[in-house]
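Colleague: next come a sequence and a model predicted from it.
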Amino acid sequence: MPESGPTATPARAATSERRPLTILFADIAGSTSIAEQLDPEDWTVVVQEAFGRLNAIAARYDGTVARLMGDGVLVFFGAPVAHEDDPERAVRCGLDMVREIAALGADGHGHNVPLQVRVGINTGPVVVGMVGSDIAHEYTAMGDAVNIAARMQASAPPGGVLVTAATYKFIAPLVEATDAGRLELKGKAEAVHGYQVTGLKRGAVSARGLGTAVHSEMIGRDAQLARLRGAFGIVRARQGRVASILGEPGIGKSRLLAELRADVTATDPKARWIEARCLSYGRSLPYHLVVDLVRSAIGVAAAADEPETRAALERCTKELFGDAWLDAYVYLGHMLSIQLTPEERARVSGLDIETLKRYTSSIVGIVRALAATGPVVIALEDLHWADGPSIDLLLNVIPLANELPLLVVATSRLDRESEGWRFVSGTRDLFGDALIEIRLDPLSGAETRTLVGNLLHVESLPPETREHILTKAEGNPFFVEEVIRMLIDRGAIERRDDRWVATAKVTDVEIPDTLQGLLLARIDRLPAESKRTLRVAAVIGRQFGVTMLERLLEAKTND
């Protein structure tokens, strides 16, 4: 008979696993002094409202709220399901938490107490799983990375987001931050380097790549770029076209699209390029893709504030629609969540289906007006992360390519279960043989060698180092860049005068941290049995016989 009661031996509720995690701690600053000013019931109401908002923000970015602690919250990014951009999600979540709780304090709700949160974030290896007994257990993470995140939160200023260097390296191209230097954290023998993140960089969209210091011309995609150039040539002749660029993560979809944009800009100054990018956490954000498209059409960045967005929308709709501008302004303004007057709000239908129709007609009107002055290119990136309402709307817009000088180019991974795949299949049905479908394959060995040589600007790179990069990258351009960045960051290759040379550390380098998140995110989407097979195969090594794997799986099943 099993033991029971308070003295029972803890039983593991589920298997634990080791994985990289980004941990966020958020805590209401000065909560003790604030609580002294309020009746306990009023303070409870304030804390509950704060928790409600913090939890909603964490859910927006697919974070896992692991624990509510007094007046603070612990959130995991990367478990139980990983995403390739978990550090970025955590930092965006922290910035939103700071703004939201400050707004809650400003609202007052009759309590007249200022509220601010401190946010600490760290990234590192942990062991995650269910701990406790059958009576009481929780899903949690254990390891020093969690402790460091807690200490960073304690060191953060009120209303501040403090991250470790381990997190900062993933998000540096995206954020505005100040170097906080080496921090002496309670209980830590060694200082931890920290950065205070103050906001997002205007116009920054991706943390990928090596930046401008190490650059290469596009390799191995000349034929695909030629097809897209040809499509734009047809559009300039007043016939529309639709193209899709499909491929695995990091294979070069965005780079090909960037090369097309440069070519379009150089070829026809009258051409109008409108672009929208899906957010990795955007599947649950209705119309987020279309909102980005409208912002691009009216010429404002995603980081633009409400007055700037409102002014740009008014200016654009007046230019394009003349005296009939108000209807488009109201419906697009409603979509963009700008402030409308009571009279303007009264024009918005209360029926969802009618609102969708007016959203569509307003965007169709903008595309028609722009196409009257020259060719228009609509670029849609990362449709595998698109939300359903945006896809519904866009499927009603793309038929314009049958009658206007319009080129629609969409990029997507080969994710047939995603909402965005409905766009890919829908364009096939609408345009048939007129659809330009480009599938990107891995680079050949010769192309990868050329890319490595271009990125490192020398041909004298030691052969063993070059082969090491080729082995790790396996023909994926993003993997090539990330392996090189890791080698540089870890001192495995060094710049000496005009050439790169390898150090003794080059043989010790494994998969870059930036790629671990990408691979883990894909593994987490597999069925449980497939994940179990992968774990067993990983123990065997890179190469093995199928018979050996089958025997190990059978033995593990019988244990």
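Modeller: Everything's here; your move. Numbering: from 1, shown residues only.

Colleague: what bits of the stretch 301-450 of the chain have low per-residue confidence?
Modeller: Judged by pLDDT under 70, the stretch 301-450 of the chain has its weakly predicted residues at 349-352.

Colleague: quick one, strands of it?
Modeller: 376-381, 406-412, 436-439 (DSSP state E, counting those that start in this stretch).

Colleague: look through this structure and tell me its longest strand.
Modeller: Once the chain is assigned using DSSP state E, the strand that runs over the most residues is strand 117-132.

Colleague: that strand pairs with which strands, parallel or anti?
Modeller: With DSSP bridges as the test, strand 117-132 is paired with strand 17-28 (antiparallel), strand 137-142 (antiparallel), strand 161-164 (parallel).

Colleague: which one of the ones you listed lies nearest to residue 228?
Modeller: Ranking these by distance to residue 228, with C-beta to C-beta as the measure, places strand 17-28 first at 36.6 Å. C-beta coordinates here come from the backbone N, C-alpha and C atoms, glycine included.

Colleague: give the buried residues for the closest one.
Modeller: Judged by neighbour count (16 or more other C-beta atoms under 10 Å), strand 17-28 contains these buried residues: 19-28.

Colleague: where's the dip in pLDDT among the residues you listed?
Modeller: Least confident entry in those, by pLDDT: residue 19, with 85.

Colleague: list the contacts for it?
Modeller: With contact set as C-beta atoms under 8 Å, 6 or more residues apart in numbering, residue 19 has these partners: 78-79, 82, 125-126, 128, 520.

Colleague: which of the residues you listed are buried? Put it as a PyMOL command.
Modeller: Only the buried entries of the contacts of residue 19 go into this PyMOL selection, using 16+ other C-beta under 10 Å:
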select buried, resi 78+79+82+126+128+520
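
Colleague: save the contacts of residue 19 as TSV, and put in pLDDT and distance to residue 186 too.
Modeller: Putting the contacts of residue 19 into TSV (pLDDT from 0 to 100; distance: C-beta to C-beta, whole Å) gives the following:
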residue	pLDDT	distance to residue 186
78	89	25
79	84	25
82	83	30
125	89	22
126	89	20
128	82	24
520	62	31
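
Colleague: pick the one among the contacts of residue 19 closest to residue 384.
Modeller: Among those, and counting by C-beta to C-beta, the member closest to residue 384 is residue 82, at 16.0 Å.

Colleague: that closest one falls within a strand, correct?
Modeller: No: checked against DSSP: H, G, I helix; E, B strand; the rest coil, residue 82 lies outside a strand; its state is coil.

Colleague: can we start the residue count at 24 from this point?
Modeller: With 24 as the first residue, the last one maps to residue 105.

Colleague: state the distance from it to residue 164.
Modeller: Summarising the geometry, the distance separating residue 105 from residue 164, computed by C-beta to C-beta, to the nearest Å, is 13 Å.

Colleague: what's the farthest-apart pair in the buried residues of strand 40-51?
Modeller: The two members of the buried residues of strand 40-51 with the most space between them (C-beta to C-beta) are 42 and 51, at 29.6 Å.

Colleague: distance from stretch 99-115 to the middle of the chain?
Modeller: Relative to its parent chain, stretch 99-115 has a centroid offset of 9 Å by C-alpha atoms, centre = their mean, to the nearest Å.

Colleague: now do the end-to-end distance for that stretch.
Modeller: Taking C-alpha to C-alpha, to the nearest Å as the measure, stretch 99-115 stretches 13 Å from start to finish.

Colleague: buried residues, that stretch. List them.
Modeller: Neighbour counts over stretch 99-115 (16+ other C-beta under 10 Å) mark 99-102, 105-115 as buried.

Colleague: taking these one by one, which sit in strands?
Modeller: With strands defined by DSSP E, the entries of the buried residues of stretch 99-115 inside them are 99-100.

Colleague: now, which of the buried residues of stretch 99-115 sits nearest residue 468?
Modeller: Checking the buried residues of stretch 99-115 against residue 468 by C-beta to C-beta gives residue 107 as the nearest, at 25.8 Å.

Colleague: wait, that closest one sits on residue 304?
Modeller: No: Residue 107 lies out of contact with residue 304 (C-beta atoms under 8 Å); the separation is 11.2 Å.

Colleague: so what are the domain limits for the protein?
Modeller: Residue ranges for the structural domains of the chain, counted by automatic domain parsing, are given in the record as 40-223, 245-462, 468-536, 549-581.

Colleague: to residue 239, which of those lies closest?
Modeller: If you check each of the domains of the chain against residue 239 by C-beta to C-beta, domain 468-536 wins as the nearest, at 3.4 Å.

Colleague: how many neighbours does residue 285 have?
Modeller: Each residue near residue 285 was counted by other C-beta atoms under 10 Å, and the total is 9.

Colleague: list the contacts of the residue lying closest to residue 468 once chain neighbours are set aside.
Modeller: Nearest in space to residue 468, with sequence neighbours left out and distances taken as C-beta to C-beta, 6 or more residues apart in numbering, is residue 493 at 6.7 Å. Contact criterion C-beta under 8 Å, 6+ apart gives 468, 471-472, 475 as the residues in contact with residue 493.

Colleague: ok, residue 253 next?
Modeller: Residue 253 is in contact with no residue at all, counting by C-beta under 8 Å, 6+ apart.

Colleague: looking at it now. What's its pLDDT?
Modeller: Per-residue confidence for residue 253 comes out at a pLDDT of 96.

Colleague: where's it, which helix or strand?
Modeller: Using DSSP states H and E, residue 253 sits within helix 245-259.

Colleague: assign the closest residue to residue 52 other than its chain neighbours to helix, strand or coil.
Modeller: Closest residue in space to residue 52, ignoring its immediate chain neighbours: residue 181 at 3.7 Å, by C-beta to C-beta, 6+ apart. The assignment at residue 181 comes out as coil when based on three-state DSSP.

Colleague: tally of neighbours for residue 181?
Modeller: Other residues within reach of residue 181, judged by other C-beta under 10 Å, total 15.

Colleague: and for the one 3 residues further on?
Modeller: Other residues near residue 184 come to 31 when the count uses other C-beta under 10 Å.

Colleague: ok, residue 486 next?
Modeller: Here the count is done by other C-beta under 10 Å, and residue 486 has 9 residues near it.

Colleague: show me the contacts for it.
Modeller: The neighbourhood of residue 486, defined by C-beta under 8 Å, 6+ apart, contains no residues.

Colleague: please apply the same query to residue 138.
Modeller: Taking C-beta under 8 Å, 6+ apart as the definition of contact, the neighbours of residue 138 are 51, 57, 69, 73, 124-125, 127-128.

Colleague: if we can go back for a sec, residue 216: which of the strands paired with strand 140-155 is closest?
Modeller: Between residue 216 and the strands paired with strand 140-155, the tightest spacing by C-beta to C-beta is seen for strand 184-187, at 6.8 Å.

Colleague: the contacts of residue 42 into JSON lines, with extra columns for distance to residue 268?
Modeller: Formatted as JSON lines, the entries for the contacts of residue 42 read as follows, by distance: C-beta to C-beta, whole Å:
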{"residue": "101", "distance to residue 268": "29"}
{"residue": "102", "distance to residue 268": "32"}
{"residue": "105", "distance to residue 268": "25"}
{"residue": "148", "distance to residue 268": "35"}
{"residue": "149", "distance to residue 268": "37"}
{"residue": "151", "distance to residue 268": "36"}
{"residue": "543", "distance to residue 268": "25"}
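
Colleague: what's the helix or strand for residue 204?
Modeller: Assigned by DSSP H and E, residue 204 falls within strand 198-206.
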